[in-house]
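Undergrad: sequence isn't available, so here's the structure alone:
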DNA sequence: GCTTGATTGGCCCTTTGGGGCAATAGACGA
DNA sequence: TCGTCTATTGCCCCAAAGGGCCAATCAAGC
């Protein structure tokens, strides 16, 4: 591999493959059973997903804290419930603040209480071992779809937040009122300023938010609150 | 108390109490264990909720099919999983099309598979018997809040649907385009009609939808799709 | 045949929105 | 202290929206 790196452009090829896989989705599997890790990883890679495996929640958290937020592209966690030290449910709690990757929990020996806890804490599904490959892939597909959806939402919100941030205090004030349906003259009276001033601010708002109709302005403002 | 009831306006008093309870919320309990029904009913009424009990899903469905949709006010179902004939999960499936009352399932002997199924099918929570009164009341409170929310949404949508229905085909067309940010002249050109006609339709739309600003129009249209 | 509702169009006027040009004033970092 | 940024305003002009008044066409239903 190292040799390859030096001779031909293996980086490009392998990177392209990884990129393709990541675009389709990345599955992070956490289980203290090495055989299961191997089997699941094989299954996911066969299906064209990128797959990372960890033999404990601790190992995963370690890597997470070092690398920071993960790669772009949809990503989900598939995690065993029963594990030493940090179990699946505990990991779920810890990740609540860190990541927004959808979580799938799996267990062979858990009871209803664990399943209920998992769902309450926001797990997308709770799979019972042994599970059919089809069931598993189905759950993963849905989880990755959710992940993609969330990322899309987040990207969009960040984008809009940046634009909203470019507004001055006064412009924000005018933007709010415009999005509430107030007319320029109303706003001018309410703020005790001239009509012309309101128009100028309003123009700035439209410019900075990159919209050119009132309808779009309303959509942007509504989307952010 | 009874004396009081008989001497002065007893009907009014009891009605008022029932009304208060229904406003606070109504809990429908379904369990094949009569003792549990009694105990839960007592608990809920003590907390100020109205409570109905059924000793089987069949009995509940029977009453439901006779009376049609239930009373106004928030309402939730609390249903045992293990029951003869129709069990909790099966009832859940059957109610999927019928009602939108949030469902709480409870069980003492179920495993993770049942809990997972319940959540997948949209149950709000899955409680493990025996449960603390606090846990139960907490779940019921949340379920009733969800119910109130849903009813509010539905009422609003029905209201808007009625108004939208009052629009003629042409008016709907104009309403859509206006809500997309198209200008009157654009619309006129697109539909091959005169500007004046677009204005007239637009005016009718605002009138019939009971809005008086473009912003409100956008909100109404967006809310309906 | 007549009424009614939907759709359409023209003419004309007012209000509101959008924007160019020029200018003043306070705040703030270089 | 100077230049920049932000907020402010006035004057003027044009485009778009809102709407009154009048009127024609057409299909459906009594």
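TA: Done, it's in. Every value quoted in this text rests on a predicted model; they were computed, and no experiment measured them. Numbers count the residues shown, from 1 in each chain, chains lettered A, B, ... in the order given.
Undergrad: could you say what helices and strands the top helix by length along chain A packs with?
TA: Secondary structure assigned by DSSP state H gives helix A:133-165 as the longest helix of chain A. Using 3 or more CB pairs under 8 Å, 6 or more residues apart in numbering or on different chains; DSSP states H and E, the elements in contact with helix A:133-165 are helix A:34-46, strand A:75-80, strand A:103-107, strand A:125-128, helix A:214-223. Where you see a C-beta, it was placed from the backbone N, CA and C, and this is true even at glycine.
Undergrad: 7 Å instead, please
TA: Contact here means 3 or more CB pairs under 7 Å, 6 or more residues apart in numbering or on different chains; DSSP states H and E; on that basis helix A:133-165 packs against strand A:75-80, strand A:103-107, strand A:125-128.
Undergrad: that one vs helix A:214-223, what angle?
TA: Orientation check (axes from the mean of the first three to the mean of the last three CA atoms, to 10 degrees): helix A:133-165 against helix A:214-223 gives 110 degrees.
Undergrad: for helix A:133-165, buried residues please.
TA: A:136-137, A:139-140, A:143-144, A:146-148, A:151, A:160, A:163-164 (16 or more other CB atoms under 10 Å in any protein chain shown).
Undergrad: one more: stretch A:208-217?
TA: Result for stretch A:208-217 [16+ other CB under 10 Å]: buried residues A:208-209, A:211, A:214-217.
Undergrad: of these, closest to DNA strand D?
TA: residue A:214 (9.1 Å; CB to the nearest atom of the strand).
Undergrad: my guess is that closest one meets residue B:214, correct?
TA: Yes: the pair residue A:214 / residue B:214 is scored as a contact, 5.9 Å apart, by CB atoms under 7 Å.
Undergrad: and chain A, which of its residues are near DNA strand D?
TA: Within chain A, the positions adjacent to DNA strand D are A:168-171, A:191-194, A:196-197, A:200-201 by CB under 7 Å from any atom of the strand.
Undergrad: who's in contact with the nearest residue to residue A:34 once chain neighbours are set aside?
TA: In space, and not counting its chain neighbours, residue A:34 is closest to residue A:55: 6.4 Å by CB to CB, 6 or more residues apart in numbering or on different chains. Contacts for residue A:55 (CB atoms under 7 Å, 6 or more residues apart in numbering or on different chains) come out as A:32, A:34, A:37.
Undergrad: switch the cut-off to 8 Å
TA: By CB atoms under 8 Å, 6 or more residues apart in numbering or on different chains, the contact set of residue A:55 is A:30-32, A:34, A:37.
Undergrad: let me know the helix or strand that residue A:53 is in.
TA: Here residue A:53 sits within strand A:50-54, counting by DSSP states H and E.
Undergrad: for that strand, name the packing helices and strands.
TA: helix A:10-24, strand A:26-30, helix A:34-46.
Undergrad: return the member of the ones you listed having the minimum mean pLDDT.
TA: The minimum mean pLDDT among the helices and strands packed on strand A:50-54 belongs to helix A:10-24 (a mean of 67).
Undergrad: my read is that residue A:140 contacts residue A:74, right?
TA: No: in this structure, residue A:140 is not within contact of residue A:74 by CB atoms under 8 Å, at 10.0 Å.
Undergrad: need the residues touching each of these two.
TA: With CB under 8 Å, 6+ apart, residue A:140 and residue A:74 have common neighbours residue A:25.
Undergrad: returning to that earlier point: would you show me how to pick out the buried ones of the residues of chain A next to DNA strand D in ChimeraX?
TA: In ChimeraX, a selection of the buried entries from the residues of chain A next to DNA strand D looks like this (16+ other CB under 10 Å):
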select /A:170,171,201
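Undergrad: nearest residue to residue A:220 in space, please, no chain neighbours.
TA: Residue A:220's closest residue in space is residue A:209 (CB to CB, 6+ apart), at 5.5 Å.
Undergrad: show the contacting residues for that neighbour.
TA: A:160, A:163-164, A:167, A:175, A:217, A:220.
Undergrad: now residue A:24
TA: So residue A:24 contacts A:48-50, A:74, A:144 (CB under 8 Å, 6+ apart).
Undergrad: filter these to the buried ones?
TA: Of the contacts of residue A:24, these count as buried by 16+ other CB under 10 Å: A:49-50, A:74, A:144.
Undergrad: tell me which residue lies nearest the centroid of chain A.
TA: Central residue of chain A (CA atoms, centre = their mean): residue A:151, 3.9 Å from the mean position.
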